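> Okay, here's the prediction I keep looking at, along with the sequence it came from:
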Amino acid sequence: MCGIVGYVGPQDARDVVLEGLRRLEYRGYDSAGIAVLADGELTTAKKAGKLANLEKVLAERPLPAATTAIGHTRWATHGGPTDRNAHPHVSADGRVAVVHNGIIENFAVLRAECERAGIEFTSETDTEVAGHLLAAAYAEAPEGEGRLAEAMRAVCRRLEGAFTLVATHAAEPGTLVAARRSSPLVVGIGETADGTPEYFLGSDVAAFIGHTRNALELGQDQVVEIDRTRGVTVTDFSGRSVEPTAYTVDWDAAAAEKGGYDWFMLKEIAEQPQAIADTLLGRLGEHGNLVLDEVRLSDQELRDIDKIFVVSCGTSYHAGLIAKYAIEHWTRIPVEVEVASEFRYRDPVLDRSTLVIVISQSGETMDTLMALRHAKEQKARVLAICNANGSTIPRESDAVLYTHAGPEIAVASTKAFLSQIVACYLVGLFLAQVRGMKFEDEIAAIVDDLRKLPDAVARVLESMDEVRALGRSLADAGTVLFLGRHVGFPVALEGALKLKELAYIHAEGFAAGELKHGPIAVIDQGTPVVVIVPSPRSRESVHGKVVSNIQEVRARGARTIVIAEDGDQDVVPYADHLIRVPRTPTLLAPVVTTVPLQVLACEIADTRGYDVDQPRNLAKS
Ligand code: M6R
């Protein structure tokens, strides 16, 4: 939910941390703050609102230059988005500064304990308690190397919940200590031009990608100390030494910049053909077969599967809904799709022959992570479809298929969504291949269709001017409905979600057949209704039924916005606005029909003057 940055090294730590916060702002923008350690003193600056507010404060009252600093960008949970609640939080003795991502669930008990000891709290956050506890634990820890890390371990053993903590102590220049439980943290290891080592901490690699691509993955319940002279030391919460996993980040700083676009979202929409191509790369064999060597499940395990659950949140959940149509059609294995926040509470029936596919762009969504853990406790096999390398969800899964969409910075998911859908197709087709559910030539034909998707999306993107003009004309809409059938239904849900989250317009997606069971009553003169029309080559009845639905809503005054494939003449008489997409096989069509809906929502939000990349009340993960 929040973004965390830490730096120890020869550069001006203020600049490095602010740059990191800029790159992590998508994780939360309720407030931002920074603490520097210079000449044995901790100094902090923090401000409610976006990072720009903090930067103004720093321009008026600069912090001292330092080589050790921590920073935070917040998505508020405990305590409103105020200056007081902004991180870093400093202990009562002024010696410890701490930033935190996550929720300390037993903070009330710990706070009461600190208050009994005479500590006055200055914020309403759960985080502040960690600062006070750290100061006390530091006082009790043995003097010498590793003292702050020892204090951190002692505190972590008392905390319940999910947390990443990064702390600095006034008596420990050149040292930062961090801990993680069910919340992300990565270490960056770099060196300056003259070969001097430098160390970074970040909620994700975006925090330091401008400096190094060498990263260390940290596991659950681990504490890391980064120190200018001693380097990196990792232990578990009991102090046992741990060997972290090193990896090289496969994207660079340029990938995380806007590249001339007004919004990251626009850039990411434009990157979709490449994202799909990268997701397919190396996975389509030369004989039209699927090559998914990285899926660490044996053929026998895949043959034993008798039920599949797809579990995810938000846009990733919509990818799961689309997956259901494809996987069931190709494999005849029953597929259930669930929002992750519900999954573990209703005691789903899972066993060794159940495959649970968890889908997550960030790999850190707590509900999805908890669903994954529940599935594993029940002995199900878990396959993650994930975009963020080295994140928690793929690490804890039995197998992973990375989407390779590159960094997605805009809060609204676009290229990650399309690549998730494509990854789901790969999984479905691979299962069909392993289980012998399709003839080789049938699989080869679908593989051929998959290869055409990047070009098809590129063609949609070339013809978006009219969609943008339409978006501008819809900026004052009060309600917008989205209708679809078959795979068009999840696309309708996704179109509505994009509009809500970006333009703050009430929008709903419906299975078009459900319309007459109630929702049709909200249609009034001029209500915009977006209809995703299946190919006329899909089951005839589905196409015909959707064309009838368009007539029904139009007869009741709706302004119809119709997304239909090239050559579909049946829709022409009933479309107030017609958006054409290339002919695409029915099951693969969501990859092309989603794109105009992304552009539409982006344009409407922009016209309404909203921050497209950082919508209100939201954060990326
Ligand atoms: O990182 P994840 O894919 O797990 O995130 C899931 C949702 O929070 C995410 O898709 C969210 O709905 C997006 N803001 C939608 O654009």
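Structure's in. What do you need? Numbering: from 1, shown residues only.

> so who does the residue positioned nearest the centre of the chain touch?
For the chain, the residue lying nearest the average C-alpha position, counting by C-alpha atoms, centre = their mean, turns out to be Ser362 (3.3 Å). Going by C-beta atoms under 8 Å, 6 or more residues apart in numbering, Ser362 touches Asp204, Asn387, Ala388, Ser391, Lys620, Ser621. Where C-beta positions appear, they are placed from N, C-alpha and C, glycine not excepted.

> Can you sort out which of these also neighbour the ligand?
Among the contacts of Ser362, the residues lying close to the ligand (C-beta under 6 Å from any ligand atom) are Ser621.

> Now list the buried members of the contacts of Ser362.
Asp204, Asn387, Ala388, Ser391, Lys620, Ser621 (16 or more other C-beta atoms under 10 Å).

> In a markdown table, list these along with distance to Thr248, pLDDT and secondary structure.
What follows is those, written out as a markdown table (distance: C-beta to C-beta, whole Å; pLDDT from 0 to 100; DSSP: H, G, I helix; E, B strand; the rest coil):
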| residue | distance to Thr248 | pLDDT | secondary structure |
| --- | --- | --- | --- |
| Asp204 | 15 | 88 | coil |
| Asn387 | 17 | 92 | coil |
| Ala388 | 15 | 87 | coil |
| Ser391 | 16 | 86 | coil |
| Lys620 | 23 | 72 | coil |
| Ser621 | 22 | 71 | coil |
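
> and these, which two are the farthest apart?
Ser391 and Lys620 (12.2 Å; C-beta to C-beta).

> And for stretch 60-71, what's in contact with it?
Contacts of stretch 60-71 (C-beta under 8 Å, 6+ apart): 4-14, 16-18, 20-21, 32-39, 41, 43, 45, 88, 97-99, 166-168, 173-176, 201, 228.

> Just those residues: which are in helices?
Ala13, Arg14, Val16, Val17, Leu18, Gly20, Leu21 (DSSP state H).

> The last one and Cys2 touch, don't they?
To tie it back to what came earlier, the one meant is Leu21. No: judged on C-beta atoms under 8 Å, Leu21 makes no contact with Cys2 at a distance of 10.5 Å.

> what do those two both touch?
Overlap of the contact sets of Leu21 and Cys2 (by C-beta under 8 Å, 6+ apart) consists of His72, Thr73.

> State the three-state secondary structure for Ala564.
On the three-state scheme (DSSP: H, G, I helix; E, B strand; the rest coil), Ala564 is labelled strand.

> which residues in the stretch 501-621 of the chain form helices?
In the stretch 501-621 of the chain, the segments counted as helices under DSSP state H, counting those that start in this stretch are 540-555, 590-607.

> quick one: contacts of the shortest one?
Helix 540-555 has contacts (C-beta under 8 Å, 6+ apart) with 481, 483-486, 488, 512-513, 515-516, 520, 523, 529, 531-536, 560, 562, 568, 570-571, 574-576.

> Between the helices of the stretch 501-621 of the chain, which one is closest to Ala475.
Nearest to Ala475, of the helices of the stretch 501-621 of the chain and by C-beta to C-beta, is helix 590-607 at 4.0 Å.

> which residue sits closest to Lys500, ignoring its sequence neighbours?
Nearest residue to Lys500 in three dimensions, chain neighbours excluded: Ala507, at 5.1 Å (C-beta to C-beta, 6 or more residues apart in numbering).

> wait, isn't the one you found in contact with Ala496?
Yes: counting by C-beta under 8 Å, Ala496 is a contact partner of Ala507 at 4.0 Å.

> Now the common contact residues for the two.
With C-beta under 8 Å, 6+ apart as the test, Ala507 and Ala496 both reach Val480, Leu481, Phe482.

> Just the buried residues of stretch 156-163, please?
Buried residues in stretch 156-163 (16+ other C-beta under 10 Å): Cys156, Leu159, Ala162, Phe163.

> now for those residues, which pair is the farthest apart?
Cys156 and Ala162 (11.8 Å).

> hey, what's in contact with both of those two?
Common neighbours of Cys156 and Ala162 (C-beta under 8 Å, 6+ apart) are Arg181.

> if we can go back for a sec, name the nearest of the contacts of Ser362 relative to Val592.
Asn387 (20.3 Å).

> give me the number of residues near the closest residue to the ligand within the stretch 51-200 of the chain?
Nearest to the ligand in the stretch 51-200 of the chain, going by C-beta to the nearest ligand atom, is Pro184, at a distance of 11.0 Å. The number of residues packed near Pro184 is 24, by other C-beta atoms under 10 Å.

> Not counting residues beside it along the chain, what's closest to it?
Glu364 (4.8 Å).

> That neighbour contacts Arg395, doesn't it?
No: Glu364 is beyond contact range of Arg395, at 10.4 Å (criterion: C-beta under 8 Å).

> These two: who's more crowded?
Just comparing Glu364 and Arg395: by other C-beta under 10 Å the higher neighbour count belongs to Glu364, 24 against 17.

> The closest residue to the ligand within the chain: what's it in contact with?
For the chain and the ligand, the shortest gap (C-beta to the nearest ligand atom) falls at Gly314, measuring 1.9 Å. Residues in contact with Gly314 (C-beta under 8 Å, 6+ apart) are Ser413, Leu497.

> What separation do you get for it and Thr354?
Distance, Gly314 to Thr354, by C-beta to C-beta, to the nearest Å: 23 Å.

> for Ile322, same thing?
From Ile322 to Thr354 the distance is 20 Å (C-beta to C-beta).

> ok, those two, which is more surrounded?
Counted by other C-beta under 10 Å, Ile322 and Thr354 do not tie: Ile322 has more neighbours, with 30 against 21.

> The more buried one contacts Cys424, doesn't it?
Yes: judged on C-beta under 8 Å, Ile322 makes contact with Cys424 at a distance of 6.6 Å.

> all helices of the stretch 201-350 of the chain, in order?
Assigned by DSSP H, counting those that start in this stretch, the helices in the stretch 201-350 of the chain fall at 264-270, 272-280, 299-304, 314-331, 340-343.

> could those be laid out in TSV, adding distance to Val595?
Shown next, in TSV, are those (distance: least, C-beta to C-beta, whole Å):
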stretch	distance to Val595
helix 264-270	7
helix 272-280	7
helix 299-304	32
helix 314-331	14
helix 340-343	26
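
> got a markdown table for the ones you listed, with mean pLDDT too?
Output for the helices of the stretch 201-350 of the chain, formatted as a markdown table (pLDDT from 0 to 100):
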| stretch | mean pLDDT |
| --- | --- |
| helix 264-270 | 95 |
| helix 272-280 | 94 |
| helix 299-304 | 93 |
| helix 314-331 | 98 |
| helix 340-343 | 96 |
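
> closest to Ala458 out of those?
Nearest to Ala458, of these and by C-beta to C-beta, is helix 272-280 at 4.3 Å.

> Identify the residues contacting the closest one?
By C-beta under 8 Å, 6+ apart, the residues outside helix 272-280 that reach it are 403-406, 414-416, 418-419, 422-423, 426, 450-451, 453-455, 457-458, 461, 591, 595.

> and Gln420, that one's in a helix?
Yes: judged by three-state DSSP, Gln420 forms part of a helix.

> Point out the residues in the stretch 401-550 of the chain that sit beside the ligand.
So far as C-beta under 6 Å from any ligand atom goes, the stretch 401-550 of the chain lies against the ligand at Val411, Ala412, Ser413, Glu501.

> Mind putting these into JSON lines with neighbour count and secondary structure?
Formatted as JSON lines, those follow (neighbours: other C-beta atoms under 10 Å; DSSP: H, G, I helix; E, B strand; the rest coil):
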{"residue": "Val411", "neighbour count": "22", "secondary structure": "coil"}
{"residue": "Ala412", "neighbour count": "28", "secondary structure": "coil"}
{"residue": "Ser413", "neighbour count": "27", "secondary structure": "coil"}
{"residue": "Glu501", "neighbour count": "20", "secondary structure": "helix"}
